[in-house]
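>>> Just to be clear, the model below is a prediction. Sequence and coordinates:
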Amino acid sequence: MDDAGPNVQVTGAWTRFAGRGQYGPSALRYSGSGGSGGSVRFVPNVSTTGRYAVYLYWPRVDSLATRVPVTIRHADGTERLTVNLRAPSETAQGGIAQWARVGEFRFAAGRDAWVELGTDGADGVVVADAVLLVPVSQGSAH
């Protein structure tokens, strides 16, 4: 799900930009430091109940934050995490973009679900570009 899609809610002081490595036509950037610049909420349409691996995607830019609050609303509640945008779990597009697996969660069809990147306490640039939910087979470790 791309930041330019219809199921994305943006609040606060974010700037849309296009450059190298973004997913889709653009990405969203918050360049403040530590303040409350709002959030970007990705709201997936979950059609099948099950466990999903949740990934975040962002292009590499200068001064990425090492402390980005991420909130995931799933079938069993709400999980709050801190993500380091400088430490991806995988790189893509020849190293100019980054994917990060942030965990596995159970999502239910037709129920509230979202992945939100915030800016409170961020120590650098926050980029919100795309979210991916990948179904996890029943036999895999959690």
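Yes, it's here. Everything quoted here is computed from the prediction, not taken from an experiment.

>>> how about the strands in this protein?
Under the criterion DSSP state E, strands of the chain are mapped to 8-12, 15-17, 27-30, 38-42, 50-59, 68-74, 77-83, 90-92, 97-107, 114-118, 126-128, 130-135.

>>> quick one: the fifth one to strand 130-135, angle?
Going back to what we said before, that points to strand 50-59. Note on geometry: by axes from the mean of the first three to the mean of the last three C-alpha atoms, to 10 degrees, strand 50-59 and strand 130-135 are set 150 degrees apart in direction.

>>> centroid residue for the chain?
L56 (3.9 Å; C-alpha atoms, centre = their mean).

>>> Now do the closest residue in space to that residue that isn't next to it in sequence: how many residues are near it, please.
Using C-beta to C-beta, 6 or more residues apart in numbering and skipping the chain neighbours, the partner closest in space to L56 is A100 (5.0 Å). From N, CA and C alone the C-beta is placed, and that goes for glycine too. As a burial measure, A100 scores 18 neighbours (other C-beta atoms under 10 Å).

>>> Quick one: distance of stretch 121-130 to the chain centre.
With C-alpha atoms, centre = their mean, to the nearest Å as the basis, stretch 121-130 stands 9 Å off its chain's centre.

>>> The spatially closest residue to F105 that is not a sequence neighbour: neighbour count?
Closest residue to F105 apart from its sequence neighbours, by C-beta to C-beta, 6+ apart: H74 at 3.8 Å. Close neighbours of H74, defined as other C-beta under 10 Å, add up to 23.

>>> No further queries at this time; thank you.
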